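A.B. asks: need a structure here:
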Amino acid sequence: MAKLKEYISRAEKMNNDFLLTKAEARVPDGLHYCSAMCAQITYNAVLQDMENDPAKRAEYIQKIKDEFKRCGRKLKENLDKPYRLRGYNREAALSIGKPVVYDRVAAMYVSLFILHHFRTDTTILHYLVK
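C.D. replies: As a prediction, the model looks like this:
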């Protein structure tokens with residue numbers, strides 16, 4: 001709390017709308033890698049959970065729908081349809097030994113609750129196929 005108050009005080013003194021300077025706000029390159037690792041671990045855990053207990057799929061779908069509703073957004077993706085990589089992305093995934101088909105429920109769960117995105121394509125292309 002003390003550090004946060006320090007940032008707020010500094011921003012107020014400088015009449016700045018931002019708490020951090022551009023240098024302080026710079027995200028280290030390793031952070032994206034860590035996010036990708038967390039996304040992959042969680043995706044695989046959710047997938048395994050649904051495979052071990054097929055009834056869990058409905059629970060994950062409900063959590064996803066509830067989160068979209070809580071955020072005032074509309075779920076436009078069909079969670080029952082697998083996400084299939086095509087074209088360049090498919091070839092790139094194959095070249096590094098990654099899958100070309102992903103479960104949308106597991107990917108959307110990761111997107112919402114780990115990465116705080118609302119799209120499976122972003123999650124899959126930038127975090128799972130890495």
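A.B. asks: hey, let's count contacts and neighbours off CA atoms from now on
C.D. replies: Fine.
A.B. asks: quick one, longest helix in the protein?
C.D. replies: Longest helix in the chain, counting residues (DSSP state H): helix 29-52.
A.B. asks: can you report how many residues neighbour the closest residue to Pro82 other than its chain neighbours?
C.D. replies: The spatially closest residue to Pro82, leaving aside those adjacent along the chain, is Asp103, at 5.1 Å (Cα to Cα, 6 or more residues apart in numbering). Applying other Cα atoms under 10 Å, we find 18 residues neighbouring Asp103.
A.B. asks: hang on, isn't Asp103 packed against Glu77?
C.D. replies: No: applying Cα atoms under 8 Å as the test, Asp103 and Glu77 come out as separate, 12.0 Å apart.
A.B. asks: span of stretch 99-107 from start to end?
C.D. replies: Stretch 99-107 has its terminal residues 13 Å apart, counting by Cα to Cα, to the nearest Å.
A.B. asks: what comes up buried for it?
C.D. replies: Val100, Tyr102, Asp103, Arg104, Val105, Ala106, Ala107 (16 or more other Cα atoms under 10 Å).
A.B. asks: mind checking which of these are in helices?
C.D. replies: Arg104, Val105, Ala106, Ala107.
A.B. asks: rebuild these as TSV, extending it with distance to Gly87 and pLDDT.
C.D. replies: Below are those laid out as TSV (distance: Cα to Cα, whole Å; pLDDT from 0 to 100):
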residue	distance to Gly87	pLDDT
Arg104	19	98
Val105	23	98
Ala106	23	98
Ala107	20	98
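A.B. asks: what would those residues look like in a markdown table with distance to Phe113?
C.D. replies: Putting these into a markdown table (distance: Cα to Cα, whole Å) gives the following:
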| residue | distance to Phe113 |
| --- | --- |
| Arg104 | 14 |
| Val105 | 12 |
| Ala106 | 11 |
| Ala107 | 10 |
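A.B. asks: looking at those, spot the one nearest Pro82.
C.D. replies: For those, the residue nearest Pro82 by Cα to Cα is Arg104; the value is 5.6 Å.
A.B. asks: my guess is the closest one contacts Arg84, does it?
C.D. replies: No: using Cα under 8 Å as the test, Arg104 is too far from Arg84 to be in contact (9.6 Å).
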